[in-house]
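Visitor: give the three-dimensional model of this entry:
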Amino acid sequence: MADSVKDFFDGLPGRAGAGKTAGVNTTYLFDIDGAGQWTVAVSDDGIDVHEGAAEAACTISASEETFLRIVSGEQNPTTAYMTGKLKVKGDMGAAMKLQKLF
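Guide: A predicted model of the protein is given here:
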């Protein structure tokens with residue numbers, strides 16, 4: 001479990017093995033209110049994370065609290081989306097693939 005959003009993104013490439021990213025080639029922008037923005041590029045080779053915003057196929061927005069609850073397993077991401085705590089813009093299919101990646 002990450003202590004902060006930054007810790008989560010710093011450790012993300014090591015947690016998502018190449019087997020999980022096979023066949024997924026897309027870029028995500030995570031806009032976490034209160035913590036910052038991270039661009040995550042997923043390809044067959046793995047995951048590349050950069051702090052800051054860049055063009056992405058899918059943008060995921062949430063508060064810092066909600067995001068940390070989701071990545072810790074305390075909050076179901078679908079429930080967070082349905083209740084407006086998690087917002088998705090762009091490629092919804094790419095967003096659905098996130099659960100198997102992380």
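Visitor: quick check: the residue most central in space within the chain vs Gly90, distance?
Guide: Centroid-nearest residue in the chain, with C-alpha atoms, centre = their mean: Phe30, separated by 5.8 Å. Phe30 is 12 Å from Gly90, where distance means C-beta to C-beta, to the nearest Å. No exception for glycine: its C-beta is placed from N, CA and C like everyone else's.
Visitor: now list whatever residues contact both of these two.
Guide: Jointly contacting Phe30 and Gly90 under the rule C-beta atoms under 8 Å, 6 or more residues apart in numbering are Thr59.
Visitor: so which residue of this protein lies furthest out from the middle?
Guide: Relative to the C-alpha centroid of the chain, counting by C-alpha atoms, centre = their mean, Thr83 is the outermost residue, at 18.1 Å.
Visitor: for the residue nearest to the centre of the chain, which three-state class applies?
Guide: Secondary structure state of Phe30, per DSSP: H, G, I helix; E, B strand; the rest coil, is strand.
Visitor: list the contacts for it?
Guide: Taking C-beta under 8 Å, 6+ apart as the test, what Phe30 contacts is 9, 37-40, 59-61, 67.
Visitor: can you rerun that using 6 Å?
Guide: Each residue near Phe30 by C-beta atoms under 6 Å, 6 or more residues apart in numbering is listed here: 38, 60.
Visitor: repeat for Pro77
Guide: With C-beta under 6 Å, 6+ apart, Pro77 has these contacts: Ile70.
Visitor: what's the distance between it and Glu55?
Guide: Taking C-beta to C-beta, one finds Pro77 at 23 Å from Glu55.
Visitor: what does the longest helix anywhere in the chain contact?
Guide: If you go by DSSP state H, the chain has its longest helix at helix 5-15. The contact list for helix 5-15 (C-beta under 6 Å, 6+ apart) reads 2, 32, 35, 38, 47, 49, 64, 67, 71.
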